[in-house]
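Novice: The following block contains a protein sequence and its predicted model.
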Amino acid sequence: MTIDRRRFLATAAGVAVAGPALAAPGPGPAGLPAGALESAAWDTLPGKQPLIKRSWRPPNFETPTRYFGEAFTPNDAFFVRYHLSNIPQVDAAGWAVEVGGDAVEKPVRFTLDELKTGFENVEIAALCQCSGNRRGLSDPHVAGVQWGHGAMGNAKWKGARLKDVLAKAGVKAGALEVAFDGADGGVTEKTPDFVKSIPVWKALDENVLIAWEMNGEPLPHWNGFPARIVVPGWTATYWMKHLTSIQVLSQPFKGFWMNPAYRIPKGKFPVVDRFLSQETDANTPITEMVVNSLVTNLREGMTYKANSPLFVRGIAWDGGFGIARVEVSCDGGKTWELAELGADLGRFSWRQWSFAFVPKPGEYVVMAKATNRIGATQTFDLVFNPAGYHNNVVQRIPIVCA
């Protein structure tokens with residue numbers, strides 16, 4: 001039986017949808033598969049601005065890059081990523097998170113009010129980025145949501161430290177991993193529940209939060225209301241939305257979304273935070289984000305004014321080590337100059353940067369390359385992997401100045 005798209009979106013969000021969907025073709029960077037470009041469209045989820053639809057069931061919507069010129073991505077323009085299609089509207093008044101597992105001293109349960117009043121409230125600026133951001137630019141193309149540049153967003157997240165919540169349950173000496181489950185589910189019982197785990201040492205990091213607030217407002221429904229896990233520096237696969245349970249485990253968690261999903265070939269990427277209890281001889285779970293950058297104000301093939309200052313603006317980020325420098329080339333990589341870095345909003349936030357030059361009439365290829373504080377930099381050649389993760393290839397943006 002087929003389900004009408006608009007009725008599904010309205011039911012999932014618990015609100016009515018009025019008016020026709022925006023059907024104009026959605027934008028996408030050069031290099032996306034033809035099918036991804038043809039199927040993309042501007043579409044609107046309840047409570048959101050028009051975003052780039054990559055799929056509607058489950059809903060996967062990309063943020064247009066024009067929003068990335070801001071220090072923090074507006075909540076109503078923040079990207080949406082789901083694996084499962086059954087997304088209930090959660091009532092905050094009746095919500096609670098259960099903390100248990102074989103590696104806790106005693107199970108505990110907390111309502112939203114108890115989290116807010118019983119623990120120190122902490123706010124952290126952090127980039128939330130889908131592991132598959134830029135997957136659509138893989139060459140050769142790979143399976144999965146064909147994301148362009150917009151499966152990410154920067155926000156200020158407020159909540160309680162996960163380690164403080166776990167302390168109330170008492171973490172046993174033999175604890176190995178901490179697993180999270182959320183309220184979303186599959187259409188059939190055969191669909192694997194989306195459950196993720198992280199190493200206990202990461203769960204006890206002071207920056208990992210159970211967050212209920214985003215950019216000074218309650219979490220939007222599509223971004224995890226009423227509470228979600230925030231794991232700054234690590235890709236968003238671990239940022240469990242609509243959190244319902246936390247399990248502290250003495251053995252590696254075995255579930256589809258840990259293995260075989262979300263794995264990268266062992267030794268191909270400069271991983272610092274290794275998830276040793278989940279490693280195999282061939283692969284390892286994806287963990288921290290690789291260093292990356294994005295030009296936010298220039299569009300490929302556009303014509304800009306010659307003989308007057310042309311500003312190149314963008315953002316740079318990594319897995320939490322901090323951005324040391326951004327270099328810009330306007331001649332296709334022959335020469336490079338340092339960009340000016342914007343305010344440091346915290347090591348887990350992206351960092352804005354800018355560069356200005358006065359172009360003569362002609363054709364230019366603008367490129368930007370970020371380097372972090374431990375010396376990791378972007379690559380010029382794709383590190384291919386079957387899931388299309390960690391694409392941090394330096395952009396090449398051909399423009400004309402006249």
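Specialist: Ah, there it is.

Novice: could you pull out the helices for the protein?
Specialist: Using DSSP state H, the helices of the chain run over 5-13, 34-39, 112-118, 162-169, 200-203.

Novice: weakest of those by average pLDDT?
Specialist: For the helices of the chain, the weakest mean pLDDT is recorded on helix 5-13, namely a mean of 40.

Novice: first vs last residue of stretch 197-204, how far apart are they?
Specialist: Across stretch 197-204, the terminal residues are separated by 13 Å (CA to CA, to the nearest Å).

Novice: contacting residues around that stretch?
Specialist: For stretch 197-204, contacts defined as CB atoms under 8 Å, 6 or more residues apart in numbering pick out 103, 162-163, 166, 171, 175-180, 208, 231, 234, 238, 248-249, 252-253, 255, 258, 273, 275-278. C-betas here are computed from N, CA, C, even on glycine.

Novice: again, only using 7 Å
Specialist: Contacts to stretch 197-204, defined as CB atoms under 7 Å, 6 or more residues apart in numbering, come from residues 162-163, 166, 171, 175-179, 208, 231, 238, 253, 258, 275, 277.

Novice: Quick check on those residues: which are buried?
Specialist: Neighbour counting with 16 or more other CB atoms under 10 Å marks 162-163, 166, 171, 175-179, 208, 231, 238, 253, 258, 275 as buried within the contacts of stretch 197-204.

Novice: so which pair among these is furthest apart in space?
Specialist: Using CB to CB, the pair of the buried ones among the contacts of stretch 197-204 lying farthest apart is Lys163 and Met258, separated by 21.4 Å.

Novice: tell me the contacts of the residue nearest to the spatial centre of the chain?
Specialist: The residue lying closest to the centre of the chain (CA atoms, centre = their mean) is Gln129, at 1.6 Å. Each residue near Gln129 by CB under 7 Å, 6+ apart is listed here: 151-152, 235-236, 289.

Novice: any idea what sits nearest it, other than its immediate chain neighbours?
Specialist: Of all residues not flanking Gln129 in the chain, Met152 sits nearest, at 3.8 Å (CB to CB, 6 or more residues apart in numbering).

Novice: Can you name the residues that contact that neighbour?
Specialist: Counting by CB under 7 Å, 6+ apart, Met152 touches 79, 127-130, 133.

Novice: rerun that using 8 Å as the cut-off
Specialist: Neighbouring residues of Met152 by CB under 8 Å, 6+ apart: 63, 79, 127-130, 133, 236.

Novice: Over to Lys156?
Specialist: Lys156 makes contact with 72, 123-125, 214-216, according to CB under 8 Å, 6+ apart.

Novice: Thr237 and Trp353: what is the separation?
Specialist: Taking CB to CB, to the nearest Å as the measure, Thr237 falls 27 Å from Trp353.

Novice: make that Phe269, sorry
Specialist: Plainly put, Phe269 is 24 Å away from Trp353 if you go by CB to CB.

Novice: same check, this time on Glu70
Specialist: Computed as CB to CB, the Glu70 to Trp353 distance reads 14 Å.

Novice: neighbour count winner among these two?
Specialist: More crowded of Glu70 and Trp353, by other CB atoms under 10 Å: Trp353, with 25 against 13.

Novice: Leu243 is in contact with Val178, correct?
Specialist: No: using CB atoms under 8 Å as the test, Val178 is too far from Leu243 to be in contact (12.0 Å).
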